[in-house]
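J.: From the sequence below, what's the structure:
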Amino acid sequence: MAGSESGARARGGLDHVSSVPLPPAPPTYVFALGLALSGVLVVAASRLRSRMFARFRAVLWTILGLCAWGMYSHARHADPRLGWGFIGLHGIALVGSLALVRPRMKPLPYRWLISWPEAWYGAGTLLSFPLAIGAAFGWHPGWWWIGYAFAAVGLGQALTSRRRDVDLVVGDVPSVEPLGRHPHGDHRIDRPLRIAQITDPHLGPFMSQARLRRIVTRAVARAPDLILLTGDFLTMESQSDPSVLKGALEPMRDFSGPVVACFGNHDHEAPDTVKAALAHVGAVLLIDDAQTFDTDVGPVQIVGADFRWRDREAHLQRLLEAHPRRAGHLRILLLHDPGAFRHVPAGEADLVLSGHTHGGQVGLVSLGLPGTAVSLFTRSPDHGFWAQYDNRLYVHRGTGHYGFPIRLGVPAEEGLIRVHVATTAA
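T.: Prediction:
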């Protein structure tokens, strides 16, 4: 009888019987150890990286650890073996975070075994936040795993791109106010300006050098008039090795047309690395500068804005006044952050090209609906075609992503942008 009671305690009071021993209860050992290891990670990050990075990791791991505690309870309640698996995934996530103290590009086996499981587990756990709270009150629904199912879908979307071409009409409406989504229009011409835009590749766990190289090769093979790069090439893992970005962009050396780039926010973390790679492939980097190019469909003036967190309105005003419109030129503004589009004065840009938002990264775009996390919580344009006054904006969904572990419902984008000048404007 005593042995039976001891066995019941070891099973944590579960009604069903299993031959697999249960992990220790979360308060006594498992997550105490996890929190201790998280503390070691934060101290190491502070000593070896920076205090800012350490503070960010401390906040992230506190949130993730608390959510994981609740989700571990759900998993253990469903099946003791899931509890052991959950502990293993938490350990993998700790290893992945610890590796960022000395970041570098990882080989494919590491991404299979660490980076991708870590991202799936972290995203699924964070998406399960409401269920984690419910576990504290003894609520254990049978569908506790739903967040991890969504994360699995997102993992697939993070590793692939959706190829599509878009047709944009500029000059079709004299003035649109306030800022809002804009229909693509129907004033087509036989020979539009063909642009391959690449933005936010974020070389790292989900964007290897080989994958970005394939994307660039496909863009060059489409023979566009222009290849335009709108920033954020790197992550922490790719900043330290200049050869990684150089090798990824190498196919652009075979492109006979202009390649023009601007800086994104993350490019300021390793500006020399980005500049060297762009120079290696013959790209023109415009940092608050402008240049004109002749194309088969006419002259184009391209203005490249540097990224700014503050004083964006005054910054854009100075930039556009310093580089006024050229008569007879299509005027394109490269502006990494579409949130600054509202500060572009009327009549200053036929087309603004942006990235930065990763299309909203989490949303309903895969279902044919426009809503994303960005549009839910901010007023910034998130993806697609927008208008304010007679300026037009296209927000590219990005080639890669960074920040939240995965994409979900917002696939990455690659393809051609075909720019038509409305016959009324012509």
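J.: elements contacting the longest helix seen in the chain?
T.: Across the chain, the helix with the greatest residue count (assigned by DSSP state H) is helix 51-78. Judged by 3 or more CB pairs under 8 Å, 6 or more residues apart in numbering; DSSP states H and E, the packing partners of helix 51-78 are helix 31-48, helix 80-99, helix 116-127, helix 129-135. Bear in mind the C-beta positions are built from the backbone N, C-alpha and C, glycine included.
J.: and the nearest residue to residue 66 once chain neighbours are set aside, how many residues sit next to it?
T.: Sequence neighbours aside, residue 132 is the residue nearest to residue 66 in space, at 7.0 Å (criterion: CB to CB, 6 or more residues apart in numbering). Residue 132 has 22 neighbours, counted by other CB atoms under 10 Å.
J.: For residue 132, which residues are in contact?
T.: Each residue near residue 132 by CB atoms under 8 Å, 6 or more residues apart in numbering is listed here: 66-71, 74, 125.
J.: among those residues, which two are most distant?
T.: 66 and 74 (13.7 Å; CB to CB).
J.: So these two - more neighbours on which side?
T.: Shown here are residue 66 and residue 74; by other CB under 10 Å, residue 74 has more neighbours (23 against 17).
J.: From residue 124, how far off is the more buried one?
T.: According to CB to CB, to the nearest Å, residue 74 stands 12 Å off from residue 124.
J.: anything in contact with each of the two?
T.: Joint contacts of residue 74 and residue 124 (CB under 8 Å, 6+ apart) do not exist.
J.: how about residue 196, phi and psi?
T.: Here the main-chain torsion angles of residue 196 (degrees, to the nearest 10) amount to phi -100, psi 110.
J.: what's the answer for residue 371, then?
T.: Dihedral angles (degrees, to the nearest 10) for residue 371: phi -60, psi 140.
J.: List the residues that contact it.
T.: 363-364.
J.: From here on, call the first residue 15.
T.: Done: numbering now begins at 15, and the last item shifts to residue 385.
J.: Including pLDDT, could the contacts of residue 146 go into TSV?
T.: Formatted as TSV, those follow (pLDDT from 0 to 100):
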residue	pLDDT
80	85
81	91
82	88
83	84
84	89
85	91
88	91
139	95
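J.: any weak-confidence spans in the chain?
T.: 15-51, 62, 200-201, 437-440 (pLDDT under 70).
J.: what about the helices in it?
T.: With DSSP H, the ranges of helices along the chain come out as 16-24, 45-62, 65-92, 94-113, 122-124, 130-141, 143-149, 160-172, 223-235, 256-263, 285-294, 326-336, 387-391.
J.: could I get the ones you listed as a markdown table with distance to residue 369?
T.: Output for these, formatted as a markdown table (distance: least, CB to CB, whole Å):
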| stretch | distance to residue 369 |
| --- | --- |
| helix 16-24 | 53 |
| helix 45-62 | 28 |
| helix 65-92 | 22 |
| helix 94-113 | 26 |
| helix 122-124 | 26 |
| helix 130-141 | 21 |
| helix 143-149 | 28 |
| helix 160-172 | 16 |
| helix 223-235 | 14 |
| helix 256-263 | 16 |
| helix 285-294 | 14 |
| helix 326-336 | 16 |
| helix 387-391 | 12 |
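J.: Out of those helices, which is the most enclosed?
T.: Per residue and on average, the most neighbours among the helices of the chain fall to helix 130-141, with a mean of 22 (mean count of other CB atoms under 10 Å).
J.: List the contacts of the residue nearest to residue 400 when sequence neighbours are not counted.
T.: With sequence-adjacent residues excluded and distances taken as CB to CB, 6+ apart, residue 400 is closest to residue 407, at 4.2 Å. For residue 407, the contact set (CB under 8 Å, 6+ apart) comprises 352, 355, 365-368, 395, 399-401.
J.: Can you tell me how far residue 407 is from residue 188?
T.: 16 Å.
J.: and what of residue 133?
T.: Distance from residue 133 to residue 188, counting by CB to CB: 46 Å.
J.: Perfect, I'm done here.
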